[in-house]
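> what follows is a protein structure lacking sequence information:
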């Protein structure tokens with residue numbers, strides 16, 4: 001008996017000794033949390049804590065100061081050219097001190113991979129932000145754009161509004177359409193080898209910066 005056969009035999013033996021329950025779909029327990037009594041302030045604080053732990057950069061501002069805050073972030077980044085989806089709120093970009101390339105949903109108006117490789121960053125909104133996991137979820141809606149926009153540029157600036165912050169995964173999934181192209185982002189792109197040497201920017205942006213808007217209207 002080779003190693004593979006031995007492993008499979010042990011698994012089969014374990015199943016015979018303690019067979020899993022034969023539950024129908026409707027009998028599966030769903031006692032996980034589907035709501036939270038945490039305040040928005042507590043959820044925002046938790047989200048920031050998780051984002052920082054993932055090595056993301058975080059800024060907070062009022063809705064009125066959002067355009068200025070975006071401009072400051074890009075200026076401090078030293079960006080010359082950024083890309084934004086055609087659906088991004090125009091007021092976000094009024095004070096942006098750099099060139100902005102626009103990407104649209106129509107194939108003829110989409111930037112090529114080679115063009116995206118030359119930009120310094122991308123600006124997007126998000127659909128949901130999960131406080132418990134520090135995860136931003138983009139669903140391709142206007143202002144978020146195609147998935148490729150957040151995979152190629154080295155810097156991703158994401159804007160989060162208070163009503164987009166939820167406590168945990170069940171609450172987030174309840175707000176999303178499963179048929180949309182969901183992109184889940186938990187910090188900048190990073191991976192580690194077998195010796196746990198962390199490398200950032202391997203399969204996505206090396207730097208994630210999040211602007212959390214307060215008292216939005």
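Nice, I can see it. The structure displayed is predicted, hence computed values, not measured ones.
> low pLDDT regions in the chain?
1, 193, 195, 215-217 (pLDDT under 70).
> for it, which segments count as strands?
Remark: strands assigned in the chain by DSSP state E are 57-62, 81-85, 99-103, 121-124, 128-130, 135-138, 155-160, 165-166, 183-185, 190-192, 198-200, 207-214.
> please name whichever of those strands is nearest to residue 14.
strand 190-192 (31.5 Å; C-beta to C-beta). In this view, the C-beta of every residue, glycine as well, is placed from N, C-alpha and C.
> adjacent strands (with direction) for the closest one?
Here strand 190-192 is paired, per DSSP bridges, with strand 198-200 (antiparallel).
> go ahead and confirm residue 210 touches residue 55.
No - using C-beta atoms under 8 Å, residue 210 is not in contact with residue 55, being 11.6 Å away.
> looking at those two, which one has more neighbours?
residue 210 (25 against 13; other C-beta atoms under 10 Å).
> any idea what the more buried one is bridged to?
residue 58, residue 158.
> and it, what does it touch?
51, 56, 57, 58, 59, 136, 157, 158, 159, 160 (C-beta atoms under 8 Å, 6 or more residues apart in numbering).
> does the fourth one really touch residue 45, like I thought?
So the one you mean is residue 58. No - here residue 58 lies out of contact with residue 45, judged by C-beta under 8 Å, at a distance of 11.0 Å.
> so which of the contacts of residue 210 wins on neighbours?
Going by other C-beta under 10 Å, residue 136 tops these with 29 neighbours.
> contacts only, for that residue.
Residue 136 touches 126, 128, 129, 130, 158, 160, 184, 185, 186, 210, counting by C-beta under 8 Å, 6+ apart.
> what segments of the protein are helices?
3-17, 40-53, 66-77, 90-93, 113-116, 169-175 (DSSP state H).
> closest to residue 194 out of those helices?
helix 3-17 (20.9 Å).
> could you measure from residue 104 over to residue 59?
Separation of residue 104 from residue 59 (C-beta to C-beta, to the nearest Å): 28 Å.
> same check on residue 176?
25 Å.
> go on, residue 127?
Distance from residue 127 to residue 59, by C-beta to C-beta: 20 Å.
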